[in-house]
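J.: any chance you could fold what I've pasted below:
(chains A, B and C)
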Amino acid sequence: MSKKKIGDVILDVKNISLGFGGVKALTDISFNVKEHEIRAIIGPNGAGKSSMLNCINGVYTPQQGSITFRGQEFKHMDSHQVATMGIGRTFQNLALFKGMSVLDNIMSGRNLKIKSNILMQALRIGPAEREEIMHREAVERIIDFLEIQAYRKTPVGQLPYGLQKRVDLGRALAMEPQVLLLDEPMAGMNVEEKQDMCRFVLDVNDEFGTTVVLIEHDMGVVMDISDRVVVLDYGKKIGDGTPDEVRNNEDVISAYLGTSH
Amino acid sequence: MAFFLETLLGGLMAGMLYSLVALGFVLIFKASGVFNFAQGAMVLFAALAMARFAEWVPLYLGIEDPIIGNVLAFIGAGGVMFCVAWVIERLVLRHLVNQEGTTLLMATLGITYFMEGLGQTIFGSSIYKIDIGMPKDPVMILESTFEGGIMINKEDFYAAIIAAALVALLSVFFQKTATGRALRAVADDHQAAQSIGIPLNRIWVIVWCVAGVVALVAGMIWGSKLGVQFSLTTVALRALPVVILGGLTSVPGAIVGGLIIGVGEKLSEVYLGPYVGGGIEIWFAYVLALGFLLIRPQGLFGEKIIDRV
Amino acid sequence: MFYRENGQFKTSYRADQQIFPITQDRIAILALLVVAFVVVPSLASDYMFRAIFIPFLIFSLAAVGVNILVGYCGQISLGSGAFMAVGAYAAYNFFVRIEGMPLVVALILGGVSSMLFGIVFGLPSLRVKGLYLAVATLAAQFFADWMFLRIQWFTNYSPSGSVSVSNLQVFGFSLESPFAKYMFCLVLLAVIALLAKNLVRGAVGREWMAIRDMDVAAAVIGIRPMFAKLSAFAVSSFIVGVAGALWAFIYLGAWEPAAFSVDQSFKLLFMVIIGGMGSIMGSFFGAAFIVVLPIFLNQFLPALASVLGIEISTAGVSHAELMIFGGLIVWFLIVEPHGLAKLWSIAKQKLRLWPFPH
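T.: This is a model prediction of the structure:
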């Protein structure tokens, strides 16, 4: 294992509580994420892991608590603002743009960085064309990285699930994010596909120093690649620490395996 | 004051008529999640059928009594609407089960055009009369309270009564019967309803039939009032804002919405019209609906629309 | 064997991103342009210009505009007639009230007015979608109907309620003859269609399609839904407004508000559905279909009827038209939601293999 330099706290989640009607999805959750680390969020189904990511992304608004990113505190995150701040996201159920090709999907991740206005794009001369090509080059690097060159013009709806997941990752990577929120990136994959995905995640973390917050069910993956782990159960935090610390935590064990009374 | 009341009452009754058409929208949406743009065409189709059958009964069956004639025509038209419902379900809805709302909406637009064409091909395109014995003369009421009394159109009054009765009937149907419950289940979630054994296709046929009968009643009343002609389809367009106001999933909402729009249209035309050159009725209902869409899209009584990620 | 792409490798991204990357396509388009600019004008009769080609060009333009909003951005609109009306009446007012106003400038200003109208009535799209948005656009339609009927200023206080323009000329060329009208519309269409195609294959087009496909995810990757939706309304209503002005000035000459009623809105929507949503080329197909079908039916149905021995009146033909439209809409939505454009690209796929089976 190469020695990785882990920085200071970049994302700080404080006392987040989220409810829908009568259902409490999250109760008083607090944890932090350090720069350049790989932080896993684990827990049984329904524990509130996706809801937590949705709060960070601005998809849900928590009733209580705040999120601090690079020192700036927010009671409510605005999706667009979150994206411009450099937080990217993949989705558990894939939120790809089914009508577009792989290339276009990943290119849409570059939209944040495109500067030419509508008029220039309509005329498509000079700067607008050059900008389009520059972004195409960046996207092609991501396509090479994720090994999906053969599918770049295929409409994503026609691809198998594993490849769609890669496109989802590619689209998030196209934003050149500082923090990458991955929601079960390996769900539904076989062993080989999981190894590929792990490799991608590790490479992204290694090469670009991207901080990764990862929801995952596969314990082997979590213990192998993450630096620290947060454990949620029924919307509450029941564990927080290195993989070894969490593995030996009694509350975590009983949450997963149940306790005998 | 008397004039105001007159306008108010006139508006209320016009509103009831809108509600009748709006009911058809609500029924189908409640049960299948489909917004049936073709409701107006169905009103026209039903009215045409009824008008022509009423003409043909004395001609071909030799029955001169207008009441029996009308009843037979009504039953005949009802039968036609049943066929229409069955055909629509078979040919269109069945194939579009999993498509999103916009596609279904546009399909019903297509059905609208088709039915307009078909109706006029089969039944002819002149203006026809429906005479169901509704008294057409106005009557004055409350002559003791107000000098000269307030004029009410008897026809509108009876129409309002009929509409109210129909609504009450439908409300009972939805709330108290097993079929009504099944319909509500289907509106909530097609697949879940199917998984507990509710026969989706049959339910849809039933709903479109009921909507067809509602369209028939509406067509009968409007036809009696205006004569049966092509412009009846625009009545549907006038009823759209009613469902927005009342809520797409609410039967009482269709009534309340209709009343509000009926009254609002009349009052604004009379009191605001002169300032802006008249014709406010053209857009009043829609702009009111627009306002609701911005502030409270689910309408007064509808269910809140939740978007899940 | 004619349509193979073998050997056509792209060595630069620029080459790969062209509008027509396949050589055979480029040749085909060039041929089409030659036909449009040279062959048709020399061979077509005045009647064909007036009845077929000019309406086709103008409706294609309008369909491109509507397709941007409905097909690319997924915002259903039943108010296109209103946008055409605003474009027409605004252009009219600029044209007759300002001395010496050039025609093209008046048309563009008409488009700009329609754009502003479109942005205002596009605001509900930020709150609602689907059917509810359709109702909001109908509000625009009826409001515009009323505006041009009752507010006398718009019709220059014309006593009959209808307005007219005459003596149109551009750069000194008179636009009286059908040929001149045809060329004028053709040039405008070619320019605007090219600009539109550039937009939809660029970043803004991807934004629109992202909003159409999944707007929550679009927000998360940094696309502003508000900007994307309103820009779609703006661009779309500009194009539709210019088309409306063309329809009024060039095709009708004299018009009243009823020319832009809700029927027009439905017609445009049908063009987009039948032609292919989310396809610039599809807009042309749809417009051609809708323009040609009534004429075709008018000739064909009476002939068919006389063969079968039945009488069919003109009313009967128009009823049949309604039925065929409606039936086709439903048929396309069930069988091929992507319209004629998809059927065309499937045909091209088959052509790639021809004459081999696979």
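
J.: need the helix or strand of the chain with the lowest average pLDDT.
T.: With no chain named, the answer covers chain A. helix A:250-257 (a mean of 76; mean pLDDT, DSSP states H and E).

J.: which stretches in the stretch 151-300 of chain C count as strands?
T.: Per DSSP state E, counting those that start in this stretch, the stretch 151-300 of chain C carries strands over the ranges C:163-164, C:169-170, C:173-174, C:254-255.

J.: each with direction, which strands does the last one pair with?
T.: Read that as strand C:254-255. Counting by DSSP bridges, the strands paired with strand C:254-255 are strand C:163-164 (antiparallel).

J.: before we move on, what about the third one?
T.: Strands that pair with strand C:173-174, judged by DSSP bridges, come out as strand C:169-170 (antiparallel).

J.: give the closest residue to the residue in the stretch 251-358 of chain C that chain A sits nearest to in space, chain neighbours not counted.
T.: Using Cβ to the nearest Cβ, the single residue of the stretch 251-358 of chain C nearest to chain A is C:Gly278, 6.7 Å away. All C-beta spots, glycine's among them, are computed from the backbone N, C-alpha and C. Excluding the flanking residues, the one nearest C:Gly278 by Cβ to Cβ, 6 or more residues apart in numbering or on different chains is C:Gly71, at 4.0 Å.

J.: contacting residues around that neighbour?
T.: C:Val272, C:Gly276, C:Met277, C:Gly278, C:Ser279, C:Gly282 (Cβ atoms under 8 Å, 6 or more residues apart in numbering or on different chains).

J.: and for C:Ser160?
T.: Applying Cβ under 8 Å, 6+ apart, the residues contacting C:Ser160 are C:Glu256.

J.: what's the separation between it and C:Ala85?
T.: 17 Å (Cβ to Cβ, to the nearest Å).

J.: swap in A:Ala187?
T.: 52 Å.

J.: likewise C:Val235?
T.: Distance from C:Val235 to C:Ala85, counting by Cβ to Cβ: 18 Å.

J.: of the two, who's got more company?
T.: C:Ala85 (33 against 26; other Cβ atoms under 10 Å in any protein chain shown).

J.: does the strand or helix carrying the more buried one reach chain B?
T.: In the assignment (DSSP states H and E), C:Ala85 maps to helix C:80-97. No: using Cβ under 8 Å from any Cβ of the partner chain, we find that helix C:80-97 stays clear of chain B, coming within 10.6 Å at best.

J.: what's the pLDDT at C:Gly202?
T.: Reading off the confidence values, C:Gly202 has pLDDT 87.

J.: what are the phi and psi angles of it?
T.: When read as degrees, to the nearest 10, the backbone of C:Gly202 gives phi -100, psi -160.

J.: can you pull the contacts of the closest residue to it other than its chain neighbours?
T.: Sequence neighbours aside, A:Gln121 is the residue nearest to C:Gly202 in space, at 4.2 Å (criterion: Cβ to Cβ, 6+ apart). By Cβ under 8 Å, 6+ apart, the contact set of A:Gln121 is A:Ala128, C:Asn198, C:Leu199, C:Gly202, C:Ala203, C:Val204.

J.: distance of the last one relative to B:Thr112?
T.: Using Cβ to Cβ, one obtains 34 Å as the distance from C:Val204 to B:Thr112.

J.: got it, and C:Asp16?
T.: Here C:Asp16 is placed at a distance of 44 Å from B:Thr112 (Cβ to Cβ).

J.: can you pull out the strands in the chain?
T.: No chain in the question, so chain A it is. A:9-20, A:23-34, A:38-42, A:64-69, A:72-74, A:87-89, A:179-183, A:211-215, A:228-233, A:236-241 (DSSP state E).

J.: that was the other one, I meant chain B.
T.: Going by DSSP E, chain B shows strands at B:138-141, B:150-153.

J.: need the pLDDT of the spatially most central residue of chain A.
T.: Geometric centre of chain A, nearest residue: A:Leu181, 1.8 Å, by Cα atoms, centre = their mean. pLDDT, A:Leu181: 93.

J.: residue contacts, it?
T.: Counting by Cβ under 8 Å, 6+ apart, A:Leu181 has contacts A:Leu53, A:Ile56, A:Asn57, A:Ile87, A:Gly88, A:Arg89, A:Thr90, A:Val213.

J.: for it, which non-adjacent residue is closest in space?
T.: The shortest distance from A:Leu181 to any non-neighbouring residue, by Cβ to Cβ, 6+ apart, is to A:Arg89 (4.4 Å).

J.: now swap in C:Val66 and tell me
T.: Spatial nearest neighbour of C:Val66, chain neighbours left out: C:Leu268 (4.7 Å); criterion: Cβ to Cβ, 6+ apart.

J.: list the contacts for the one you found?
T.: C:Leu268 sits next to C:Phe59, C:Ala62, C:Ala63, C:Val66, C:Ser80, C:Gly81, C:Val240 when contact means Cβ under 8 Å, 6+ apart.

J.: any part of the longest helix seen in chain B near chain C?
T.: Secondary structure assigned by DSSP state H gives helix B:2-32 as the longest helix of chain B. No: contact between helix B:2-32 and chain C is absent, the nearest approach being 8.7 Å (criterion: Cβ under 8 Å from any Cβ).

J.: quick check on the closest residue to chain B within chain A: phi, psi?
T.: Residue nearest to chain B within chain A: A:Val59 (5.6 Å; Cβ to the nearest Cβ). The phi/psi pair for A:Val59 (degrees, to the nearest 10) reads phi -80, psi -40.

J.: so it sits against C:Asp215, correct?
T.: No: contact criterion Cβ atoms under 8 Å: A:Val59 and C:Asp215 do not qualify, at 11.5 Å.

J.: hey, where'd the helices end up in the stretch 101-250 of chain B?
T.: Taking DSSP state H, counting those that start in this stretch as the test, the helices found in the stretch 101-250 of chain B are B:101-123, B:154-176, B:178-188, B:190-195, B:200-226, B:232-246.

J.: same list (those helices) but as TSV, adding mean pLDDT and distance to chain A.
T.: Output for the helices of the stretch 101-250 of chain B, formatted as TSV (pLDDT from 0 to 100; distance: least, Cβ to the nearest Cβ, whole Å):
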stretch	mean pLDDT	distance to chain A
helix B:101-123	83	13
helix B:154-176	79	23
helix B:178-188	77	16
helix B:190-195	76	16
helix B:200-226	80	25
helix B:232-246	80	24
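
J.: so of these, which one's packed in deepest?
T.: helix B:232-246 (a mean of 25; mean count of other Cβ atoms under 10 Å in any protein chain shown).

J.: select the longest helix from the chain.
T.: You didn't pick a chain, so chain A it is. Counting by DSSP H, the longest helix found in chain A is helix A:127-146.

J.: wrong one, I was asking about chain C
T.: Longest helix in chain C, counting residues (DSSP H): helix C:280-308.

J.: that helix: which residues count as buried?
T.: C:280-291, C:293-294, C:297, C:301-302, C:305 (16 or more other Cβ atoms under 10 Å in any protein chain shown).
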